[in-house]
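J.: After the sequence you'll find the predicted model.
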Amino acid sequence: KNTQSRIHNLQENEGLGGDTETQFDDEKDMKKDEVEEQVLPKHSTTVNFGVPPQRLTVNCVSYEPQTYQDVLELPIHDEKNWKEAMQTEFNSFKATQVLHSCKFARRERAIGCSWTYKLKKAADNS
């Protein structure tokens, strides 16, 4: 009896009262409420499938060859695209009769020409 009265007195002094199990259950419920109230981190809802981030565009290189030899040294896909563009331009010269073959006298020389390789860009520089 003496030990039980001491425990009862300690519980009353600490504000536990006699029903410690109920108090612990209340504390568990409070912790559950606190967890439910925590704010989850925000996640972006932006959809950008297939669009590289702006920070990676510096690594994208657009190469404009200076000579025909540079075209031949490009990867096969790029080389093919440049050659198709050259053929299209050449066909355009023929169609508009800007270019035609002719014979020269022994000391006459034709005016030289060269290809200029440039990538076409839209008005917004893309």
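T.: Nice, thanks for sending it over.
J.: This protein - how does it break down into domains?
T.: Taking automatic domain parsing as the reference, the chain has its domains at 2-35, 57-126.
J.: Show the residue spans covered by the helices in the chain.
T.: For the chain, the helices identified by DSSP state H occupy 2-13, 20-37, 68-72, 76-95, in order along the chain.
J.: Averaging pLDDT over each of the domains of the chain, report the lowest-scoring one.
T.: Per-stretch averages of pLDDT across the domains of the chain put domain 2-35 at the bottom, with a mean of 56.
J.: what's the burial count for Asn125?
T.: Applying other C-beta atoms under 10 Å, we find 5 other residues in the vicinity of Asn125. From N, CA and C alone the C-beta is placed, and that goes for glycine too.
J.: what's in contact with stretch 63-73?
T.: Residues external to stretch 63-73 that are found in contact with it (C-beta atoms under 8 Å, 6 or more residues apart in numbering): Leu74, Asp78, Glu79, Trp82, Lys83, Met86, Trp115, Tyr117, Lys118, Leu119.
J.: Identify the farthest-apart pair in those residues.
T.: Among these, the pair separated by the greatest distance (C-beta to C-beta) is Glu79 and Lys118, at 16.5 Å.
J.: So between those two, which is more surrounded?
T.: When Glu79 and Lys118 are compared on other C-beta under 10 Å, the one with more neighbours turns out to be Glu79, at 15 against 7.
J.: Quick check: chain neighbours aside, which residue is closest to the more buried one?
T.: For Glu79, ignoring the flanking residues on the chain, the nearest one in space by C-beta to C-beta, 6 or more residues apart in numbering is Val71 at 5.9 Å.
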